[in-house]
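Undergrad: With the sequence up front, the predicted model follows.
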Protein chains: 2
Amino acid sequence: MTSTVKLTLVEAYQLAYQALLRNGFSAAHADAVAKNVTAGERDGCHSHGLYRVLGCVRSLKAGKVAADAESTLIDNAPAILRVDAQGGFSLLAYQAALPVFIDKVRHCGIAALAINHCVHFSALWADIEPLTEQGLVALACTPSHAWVTPAGGNQPLFGTNPIAFGWPRQGKAPFVFDMATSAAARGEIELHRRANKPLPEGWGIDSHGQPSTDAASVLQGAMLTFGGHKGSALAAMVELIAGPLIGDMTSKESLAYDQQSGSSPYGGELIIAMDPERFLGADKEMHLARAEVLFNDMAAQGARIPGERRFKARQHSEQFGVELPLALYEEIVALS
Amino acid sequence: MTSTVKLTLVEAYQLAYQALLRNGFSAAHADAVAKNVTAGERDGCHSHGLYRVLGCVRSLKAGKVAADAESTLIDNAPAILRVDAQGGFSLLAYQAALPVFIDKVRHCGIAALAINHCVHFSALWADIEPLTEQGLVALACTPSHAWVTPAGGNQPLFGTNPIAFGWPRQGKAPFVFDMATSAAARGEIELHRRANKPLPEGWGIDSHGQPSTDAASVLQGAMLTFGGHKGSALAAMVELIAGPLIGDMTSKESLAYDQQSGSSPYGGELIIAMDPERFLGADKEMHLARAEVLFNDMAAQGARIPGERRFKARQHSEQFGVELPLALYEEIVALS
């Protein structure tokens, strides 16, 4: 049995915030990160929960993230905003850019936000929700470190390159998915290695390019994309549009920059948002109601609405708090 | 052995054009369709080649496509253009919208084009290339007919919902992928049924929701998405952003509208394009060169660059023409 510690969401936030502050992050960055990891824990996404505080501090100690970066906004074009995170985590930069970005989306109907020169450890759904809350449709993606081989290849090149998408629903939790384009999360493979458990087929190859179910071999070799060549094509798209298109690093460049410090990926994130109001005008309600028919048809046949599980966990956590493994709790408390 | 007929690209175009004209399409629509199917044949995409002429004429005879529709442009917002195809095929409407759309992309940096009320039979890569030729990055998607079940479901609801993406390359064929979010194309399943061949696992379920490798049962039941719940999430995204978001039909609505006439899907297509120039300004060449490094790294390890095979077939066809099965040739000649 694993010992756990029960925390309210405020306590979880405080635990993260104080550890980040104590380790040198500015109050603003510590606040943004603590809010983000608390949200991950609250939503049952433990791999993006408080455990991430450890990685954030590790990145700082390795000199791979700025503790007090102040982001700068760059207004590139009527529908393009860039925010330079100046080597800090993406979160505070995104926060600074959000109101200007939303204005652009509302004015132009569609707009793109590039977060540049940011260290990225956080789940993309957290960047989608502030947009769906405004009634906007949103898409986000980011490269990571070169861990994934393209279909037909045998060397790591792509990142796990997540794609997230959100659709606003009136009076309901939004439709949100956030998925790696790799077959599995890297953290999952690490968990298998620690537990000495074989991987499912199709997750990775060893360093000779051969299919392998040995976690350690796959971590040395390369992960595979989900869905074969189709997932690989999507992963390549993420490299391109959240890399060179926004003037930022590919996953390979990010891994080289990391110099084996085990820090979070460094690079860019692209967010595209669209305003249904500008597409549909007076017909908006009618057409959004047709999307509800689609969701009802999904639910009626037992298909899961993406995000559903997370919002259920959120309701539970808001009422009952979260449980942290005691070891993790103690590790965060001891961080200095 | 199958008898074939050798045609130059001009002859292939003429064969298609005359058949479409003879069967009642206006010269402008016949021209747009003939160019499109000739391009499919030329690129070795036989399922989007001249065989499509049969379906176009079938849709017309069923009263499911307008023979001489004149599209109308609607300027919704600085970065949103809509073109109403008025019940005609998407192609001519797209052609009409393209110059205005490109202006919007160049001005705003990113823009969206919705093609509405169009009958859709054509491959999306053909809509991507006019944009990559202009140095733009482009994304396109469209619902189809409700043939595909969502992950966890057992009834057809989504279309095959293709997503296409293009990235311009200087002096080279663009990086272009165009993939159904279903595990296989519906045409592939029909070919298996005709050949009485079992399907690979994972393509579909029968009408009781059970996995099946019998093509006829799957055509009666439902197709599956590629990549499990991830492909399903993407298919849902396409339903939403190229359906309700642009005020057009979902795949289920399109299939209901079809009334079992076997016509092409009716609804909308969403195209999003971005201008690297507006993202990168003076640094554009430097960053586009970094994308070339990514492509070289893919090629160096034997991974295929999406689109490569198609552009190779194109080179060959431009020099040597195309070969059509004699039966198909005769069927098109006999169409009246």
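TA: Everything's here; your move. Numbers count the residues shown, from 1 in each chain, chains lettered A, B, ... in the order given.
Undergrad: give me the low-pLDDT residue ranges for chain A?
TA: Within chain A, the segments meeting pLDDT under 70 span A:1.
Undergrad: So which residue of it lies furthest out from the middle?
TA: When each C-alpha in chain A is compared with the mean C-alpha position (CA atoms, centre = their mean), A:Ala282 comes out farthest, at 34.2 Å.
Undergrad: Which residue ranges of the stretch 101-250 of chain A form strands?
TA: Secondary structure of the stretch 101-250 of chain A, counting by DSSP state E, counting those that start in this stretch: strands at A:110-119, A:137-141, A:163-167, A:175-179, A:204-205, A:222-223.
Undergrad: so can I have a markdown table of those showing distance to chain B and mean neighbour count?
TA: All C-beta spots, glycine's among them, are computed from the backbone N, C-alpha and C. Formatted as a markdown table, the entries for the strands of the stretch 101-250 of chain A read as follows, by distance: least, CB to the nearest CB, whole Å; neighbours: other CB atoms under 10 Å in any protein chain shown:
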| stretch | distance to chain B | mean neighbour count |
| --- | --- | --- |
| strand A:110-119 | 5 | 27 |
| strand A:137-141 | 6 | 25 |
| strand A:163-167 | 5 | 26 |
| strand A:175-179 | 4 | 24 |
| strand A:204-205 | 11 | 25 |
| strand A:222-223 | 10 | 26 |
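Undergrad: Tell me which of those strands lies nearest to B:Ala28.
TA: B:Ala28 lies closest, by CB to CB, to one member of the strands of the stretch 101-250 of chain A: strand A:110-119, at 29.4 Å.
Undergrad: could you check the angle strand A:137-141 makes with that closest one?
TA: 30 degrees (axes from the mean of the first three to the mean of the last three CA atoms, to 10 degrees).
Undergrad: Could you list every helix and strand that strand A:110-119 packs against?
TA: Packing contacts for strand A:110-119, counted by 3 or more CB pairs under 8 Å, 6 or more residues apart in numbering or on different chains; DSSP states H and E, involve strand A:80-84, helix A:90-108, strand A:266-274, strand B:110-119.
Undergrad: For the helix or strand containing A:Leu324, enumerate the helices and strands it packs against.
TA: With elements delineated by DSSP states H and E, A:Leu324 resides in strand A:322-325, which encompasses its position. Packing contacts for strand A:322-325, counted by 3+ CB pairs under 8 Å, 6+ apart, involve strand A:4-7, helix A:9-22, helix A:27-42.
Undergrad: Just the buried residues of the shortest one, please?
TA: Read it as strand A:4-7. Within strand A:4-7, the residues scored as buried using 16 or more other CB atoms under 10 Å in any protein chain shown are A:Val5, A:Leu7.
Undergrad: The residue nearest to A:Pro276 when sequence neighbours are not counted is in what secondary structure piece?
TA: Taking CB to CB, 6 or more residues apart in numbering or on different chains, and ignoring the residues beside it in sequence, A:Pro276 has A:Lys284 as its nearest neighbour in space, at 5.4 Å. Assessed by DSSP H and E, A:Lys284 sits inside helix A:284-300.
Undergrad: what about the next helix or strand after that helix, distance to the chain center?
TA: Heading C-terminal from helix A:284-300, the first helix or strand you meet, by DSSP H and E, is helix A:308-320. Between the centre of helix A:308-320 and the centre of its chain there are 19 Å (CA atoms, centre = their mean, to the nearest Å).
Undergrad: which residues touch helix A:308-320?
TA: Taking contacts as CB atoms under 8 Å, 6 or more residues apart in numbering or on different chains, the residues outside helix A:308-320 that touch it are A:Leu9, A:Glu41, A:Arg42, A:Asp43, A:Gly44, A:Cys45, A:Trp125, A:Ala173, A:Val176.
Undergrad: Quick check: the fifth one is in a strand.
TA: No. The assignment for A:Gly44 by DSSP: H, G, I helix; E, B strand; the rest coil gives coil, which leaves it out of any strand.
Undergrad: Give the closest residue to it in space, chain neighbours not counted.
TA: Nearest in space to A:Gly44, with sequence neighbours left out and distances taken as CB to CB, 6+ apart, is A:Ala313 at 3.3 Å.
Undergrad: mind giving me the domain split of chain A?
TA: Using automatic domain parsing, the domain parsing of chain A gives A:4-61+A:308-334, A:72-182+A:225-280.
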